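Colleague: This is the structure alone, sequence omitted:
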């Protein structure tokens, strides 16, 4: 969607820029491209934005948590995931809430293995939601972590 069409939908140029930066950050995370993650993470971390809005709503805090994991900042990742949990719960943003629980569980199992109780609580919250929303690939990942 162009900046003009987003402006016609009532979205400012500043919001549109953050939308595209969020898209770049997500792509860089998925590709594991450390320099791009580091750059786009820096652009988003102190903006105050919590979601991208329309047409592709997602939790910026969740993605910042994923970026922090990739960059090796695990304590910071936990803070971002906690903020994402708060925001997505308040918004009743079920898909992002379930994904945040799953990613938080992954972080805990990989980098905070002593916090198994908290990890299981995140999986217990994510699994029914992922199942209900038919988010099969993520559900399979959550079930594998739990098993």
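Modeller: Yep, that arrived. The structure displayed is predicted, hence computed values, not measured ones. Residues are numbered from 1 along each chain as shown.
Colleague: can you tell me which helix or strand the residue nearest the centre of the chain belongs to?
Modeller: Nearest to the mean C-alpha position of the chain, counting by CA atoms, centre = their mean, stands residue 62 at 2.4 Å. Here residue 62 sits within helix 60-70, counting by DSSP states H and E.
Colleague: same for that helix, what does it pack against?
Modeller: Applying 3 or more CB pairs under 8 Å, 6 or more residues apart in numbering; DSSP states H and E, one finds that helix 60-70 contacts helix 13-31, helix 34-44, helix 74-91, helix 94-111. Bear in mind the C-beta positions are built from the backbone N, C-alpha and C, glycine included.
Colleague: and the angle for it with helix 94-111?
Modeller: 20 degrees (axes from the mean of the first three to the mean of the last three CA atoms, to 10 degrees).
Colleague: Please work out which residues outside helix 60-70 touch it.
Modeller: 18, 22, 25-26, 28-29, 32, 34, 37, 40-41, 44-45, 47, 49-52, 74, 76-81, 83-84, 87-88, 96, 99-100, 103-104, 107, 111 (CB atoms under 8 Å, 6 or more residues apart in numbering).
Colleague: Tell me how far the residue nearest to the centre of the chain lies from residue 114.
Modeller: Using CB to CB, to the nearest Å, residue 62 is found at 24 Å from residue 114.
Colleague: same question, residue 84
Modeller: The value you get for residue 84 to residue 114, if CB to CB is used, is 23 Å.
Colleague: Pick out whichever of these two has more residues nearby.
Modeller: residue 84 (28 against 8; other CB atoms under 10 Å).
Colleague: do you know which of the helices and strands packed on helix 60-70 lies nearest residue 126?
Modeller: helix 94-111 (3.8 Å; CB to CB).
Colleague: Report the buried residues of that closest one.
Modeller: For helix 94-111, burial by neighbour count (16 or more other CB atoms under 10 Å) applies to 95-109.
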